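In: Just need the structure, nothing else, for what follows:
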Amino acid sequence: MVRTVAFVILATGMASLPAMAAEQYWVARDAVSKQCEIVPKKPDGTLVIDLGKKKYASEGEARKAMEALSDCKKK
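Out: Alright, predicted model coming up:
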């Protein structure tokens, strides 16, 4: 009985891990090359500069925001 309960708790915890590890994206610009990019972790502000000051739930949302930023427009 104890093993069954422990197994159910473990299985439930493992099933919820992907939901807890939801990915987040930021729009950033490389300080050296001045190229915009989408990064999966918060920019540090020295080598990669955070442009949008906002995190996005999906890469698609981040890409739309990057295209709208004037700093990321192709010149």
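
In: Assumed residue 26 was part of a strand.
Out: Yes: per DSSP: H, G, I helix; E, B strand; the rest coil, residue 26 lies within a strand segment.

In: Centre of the chain to stretch 27-45, how far?
Out: Distance, stretch centre to chain centre, for stretch 27-45: 12 Å (CA atoms, centre = their mean, to the nearest Å).

In: Now tell me what touches it from outside.
Out: For stretch 27-45, contacts defined as CB atoms under 8 Å, 6 or more residues apart in numbering pick out 23-26, 46-52, 54-56, 59, 62-63, 65-66, 69, 71-72. (Each C-beta comes from the backbone N, C-alpha and C, glycine too.)

In: Name only those of those residues that count as buried.
Out: Neighbour counting with 16 or more other CB atoms under 10 Å marks 25, 26, 48, 50, 51, 52, 56, 62, 65, 66, 72 as buried within these.

In: Among those, which are located in helices?
Out: 62, 65, 66 (DSSP state H).

In: can you list the buried ones among the contacts of stretch 27-45 in JSON lines and add pLDDT and distance to residue 34?
Out: As requested, those are arranged in JSON lines below (pLDDT from 0 to 100; distance: CB to CB, whole Å):
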{"residue": "25", "pLDDT": "92", "distance to residue 34": "20"}
{"residue": "26", "pLDDT": "89", "distance to residue 34": "17"}
{"residue": "48", "pLDDT": "85", "distance to residue 34": "12"}
{"residue": "50", "pLDDT": "81", "distance to residue 34": "14"}
{"residue": "51", "pLDDT": "78", "distance to residue 34": "11"}
{"residue": "52", "pLDDT": "72", "distance to residue 34": "16"}
{"residue": "56", "pLDDT": "90", "distance to residue 34": "21"}
{"residue": "62", "pLDDT": "89", "distance to residue 34": "18"}
{"residue": "65", "pLDDT": "87", "distance to residue 34": "18"}
{"residue": "66", "pLDDT": "88", "distance to residue 34": "14"}
{"residue": "72", "pLDDT": "83", "distance to residue 34": "10"}
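
In: Format those residues as a markdown table; extra columns: distance to residue 36.
Out: Below are those laid out as a markdown table (distance: CB to CB, whole Å):
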| residue | distance to residue 36 |
| --- | --- |
| 25 | 12 |
| 26 | 11 |
| 48 | 10 |
| 50 | 11 |
| 51 | 7 |
| 52 | 10 |
| 56 | 14 |
| 62 | 10 |
| 65 | 10 |
| 66 | 5 |
| 72 | 4 |
